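> sequence? don't have it. structure:
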């Protein structure tokens, strides 16, 4: 079940390192392939475990195994396994964590099924596998145009990924399929031969998908905190962003449930910023 631990148990630290490297490489490779094409990697992990099990069994016949060093004995082996598990949890909770993005709401920037590598340090919401280890204030800067992963305000057990367009204190408006920040229209230019545009927020330029045949009105909004400060019309909506909150949009503007519908993202809900998008 744990090839590196098996090799340590029979006093083969070199082989333990080799099997650990194989597991890490195969696990990392799985981030670069789609789910339907990941089965060969899962088969490879199973094969590694089977080969290691046979090798451990053969090594048990070696009389030298009876003279076990500290790391091959029960207490030492338990400490090593626990240390590796704590390291893996710490990296996922505090540094970087992979997420799989399921929807089309961020097209064309993020394809459905893509892997997101999220930087978490500095954003104060340190959790993994549903376990909160710590919660602090945000110490790293968030900018307009950043793609963030966050806990959905209506159900914190669900995580979303959207693009920040409004910071605390901004006024965000979305009318007739055009985005405005603080009474300034956000510049965008069409990409020839497609419904895509290049939108620019500050120094950040990114593609958005806008369907010309879709209605210009925003879908009916839910009840959410500070909704009474917002204005909704047949052409769109306008909202001031409260302190300690962010306004997010999906890049697939006509097919995204975002702050236009369910409101602002509290700072405490931010999990981290997307650093890498993998297939």
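All right, it came through fine. Owing to the predicted nature of the structure, the values given are computational and were not obtained by experimental measurement.
> Only C-alpha atoms from now on, for both contacts and neighbour counts.
Fine.
> after the least confident helix or strand in the chain by mean pLDDT, next one along is what?
Among the helices and strands of the chain, helix 3-9 carries the lowest confidence by mean pLDDT, DSSP states H and E, at a mean of 89. Downstream of helix 3-9, the first helix or strand assigned by DSSP states H and E is helix 13-29.
> Okay, helices next: where are they in the stretch 151-279 of the chain?
259-262 (DSSP state H, counting those that start in this stretch).
> show me what contacts the residue nearest the centre of the chain?
Residue closest to the average C-alpha location in the chain (CA atoms, centre = their mean): residue 99, at 3.9 Å. With contact set as CA atoms under 8 Å, 6 or more residues apart in numbering, residue 99 has these partners: 115, 116, 117, 118.
> same question, residue 199
With CA under 8 Å, 6+ apart, residue 199 has these contacts: 186, 187, 188, 189, 205, 206, 207, 208.
> same thing with residue 269?
Applying CA under 8 Å, 6+ apart, the residues near residue 269 are 125, 150, 151, 152, 153, 156.
> Ok, residue 80 next?
residue 71.
> Poorly predicted segments of the chain, please.
Flagging of the chain using pLDDT under 70 yields the residue ranges 63-66.
> Go through it and flag its longest helix.
helix 39-59 (DSSP state H).
> Now do the buried residues in the helix or strand following that one.
Following helix 39-59 in sequence order, the next helix or strand is helix 74-90 (DSSP H and E). Neighbour-count burial for helix 74-90 flags 77, 89, 90 (criterion: 16 or more other CA atoms under 10 Å).
> do stretch 13-31 as well
13, 15, 16, 17, 19, 20, 22, 23, 30, 31.
> distance of the fourth one from residue 223?
The one in question is residue 17. 54 Å (CA to CA, to the nearest Å).
> Which of the buried residues of helix 74-90 sits closest to residue 273?
residue 90 (17.4 Å; CA to CA).
> Next, the contact list for that closest one, please.
Contacts of residue 90 (CA under 8 Å, 6+ apart): none.
> Make residue 1 into 54 and carry on from there
Got it, the first residue is 54 from now on, which makes the last one we talked about residue 143.
> Would you agree residue 61 is in contact with residue 125?
Yes - with contacts counted by CA atoms under 8 Å, residue 61 reaches residue 125, the gap being 5.3 Å.
> who are the neighbours of the strand ranked longest in the chain, in terms of helices and strands?
Counting residues, the longest strand found in the chain (DSSP state E) is strand 208-219. Applying 3 or more CA pairs under 8 Å, 6 or more residues apart in numbering; DSSP states H and E, we find strand 208-219 packed against strand 200-205, strand 298-302.
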